[in-house]
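S.K.: generate a structure from the sequence data that follows.
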Amino acid sequence: MIKAFFLLSTIGLLFTGCDVRKKDKQAEKIKMEVKDPTTVQMIDSVYDFGKVTEGENVEFSYRFKNTGDKPLVITEKPHASCGCTIAERPEEPIMPGNIGFIKVKFNSENRPGEAHKTITVSSNANPPFPELVLKGEVMGKENKEKE
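M.R.: Numbers count the residues shown, from 1 in each chain. The predicted structure follows:
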């Protein structure tokens, strides 16, 4: 029984170890790409979604262009100022002259009133990415029914 447990534990560690090495290689690749700064031009940095009814989802893709001469790498998942907002980064580097997208989804459930969310993007851009802004007004369900 102890031998079987030891054998299964060893096999589990081998599989986990392989995954760690793969992640280490990916992290090293990103570090190598990040040490070469580039420049970025924002095409969209503020999105005003106007008025939505509470419970609606708002989706938008902020556009940016790599205006430098090195690949633009978004180094980690963009960070939103609220858990109701989720941002997705491009998985691959954006090559010089190309346009990339930061996709954002805002869930307005239980969020009536003015909305002003910010998204922070980490990359090898110098100067750094400006903060992205998502704003608008969430109409309470009871207010929408009266209209």
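S.K.: give me phi/psi at Pro93?
M.R.: Main-chain dihedrals, Pro93, degrees, to the nearest 10: phi -60, psi 150.
S.K.: how many neighbours does the closest residue to it other than its chain neighbours have?
M.R.: Leaving aside its sequence neighbours, Pro93 sits nearest to Pro71 (C-beta to C-beta, 6 or more residues apart in numbering; 3.6 Å). Backbone N, C-alpha and C define where each C-beta goes, glycine included. Using other C-beta atoms under 10 Å, Pro71 has 17 other residues around it.
S.K.: next: Gly55.
M.R.: Counted with other C-beta under 10 Å, Gly55 comes out at 15.
S.K.: and the nearest residue to it once chain neighbours are set aside, what's its pLDDT?
M.R.: The shortest distance from Gly55 to any residue other than its chain neighbours is 5.0 Å, reached at Glu109 (C-beta to C-beta, 6+ apart). Listed pLDDT for Glu109 reads 95.
S.K.: for Glu109, give me its contacts.
M.R.: For Glu109, the contacting residues are 54-55, 84, by C-beta atoms under 8 Å, 6 or more residues apart in numbering.
S.K.: helix or strand for it, which one?
M.R.: Taking DSSP states H and E as the definition, one finds Glu109 inside no helix or strand.
S.K.: what segments of this structure are helices?
M.R.: For the chain, the helices defined by DSSP state H occupy 2-34, 141-146.
S.K.: weakest of those helices in terms of mean pLDDT?
M.R.: Out of those, helix 2-34 stands lowest, with a mean of 51 (criterion: mean pLDDT).
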